[in-house]
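In: need coordinates for the following:
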Amino acid sequence: MSTSVDDSASSRGVRLALTIGDVAGVGPEVVVRSVVALLERCDWRFVIVGSPAVILRAARQLGHDWQVVECKRCGDDWSTPGRLVVWNPSSAPVEAGAIGLADARAGRAAYDWLVAATRAALDGTIDAIVTAPLNKLGRDRFPRAYGDFGHRVWRL
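Out: This next block holds a predicted model:
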């Protein structure tokens, strides 16, 4: 099994959004590692969907001294080597959340990030979405007004 990026796909300049999932889990670190590795291997365009402060913390924990830049709208800016671009379409205050503990704010933010990324894909701003793990316990701690949180897209 090959782990290389398909040359035909990379030549198209795919626009990819990576949601960080639950900030208390492994998602932020997995997303940072993925973007750093992929930026060295292909010419795709990446935007991280999540909290800039959480991404900065994850990058530092992984030993990366990369700049973290927040963009106001998805598609306005893209990550480049040495520079991670983060779009945060959530107002949930997740920066102080404890690693490893389910939290309603983290559940709300994960929901907001996935819905916003889905809308960006539907309107053609991005070509694809990759999601980091979501914590269903965190989801259960915010109001259930959004319906089923299963492995499918919520009502938009």
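
In: low pLDDT regions in this structure?
Out: 1-12, 98, 136-156 (pLDDT under 70).

In: how about the helices in it?
Out: 7-10, 27-39, 52-61, 104-122, 136-140 (DSSP state H).

In: what's the most buried one of these?
Out: helix 104-122 (a mean of 22; mean count of other Cβ atoms under 10 Å). All C-beta atoms are positioned from the backbone trio N, CA, C, and that covers glycine.

In: helices or strands up against it?
Out: Where contact means 3 or more Cβ pairs under 8 Å, 6 or more residues apart in numbering; DSSP states H and E, helix 104-122 is packed against strand 15-19, strand 45-49, strand 128-131, helix 136-140.

In: can you put the ones you listed in TSV and add distance to residue 63?
Out: Output for these, formatted as TSV (distance: least, Cβ to Cβ, whole Å):
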stretch	distance to residue 63
strand 15-19	20
strand 45-49	18
strand 128-131	23
helix 136-140	27
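
In: mean neighbour count, these: which tops it?
Out: strand 45-49 (a mean of 26).

In: about what we covered before: for residue 78, find the nearest of the helices of the chain.
Out: helix 27-39 (9.7 Å; Cβ to Cβ).

In: which strand residues bridge the residue nearest to the spatial centre of the chain?
Out: Against the mean C-alpha coordinate of the chain, by Cα atoms, centre = their mean, the closest residue is residue 19 at 2.0 Å. With DSSP bridges as the criterion, residue 19 is bridged to residue 49, residue 131.

In: my read: it touches residue 117, true?
Out: Yes - Residue 19 is within contact range of residue 117, at 5.3 Å (criterion: Cβ atoms under 8 Å).
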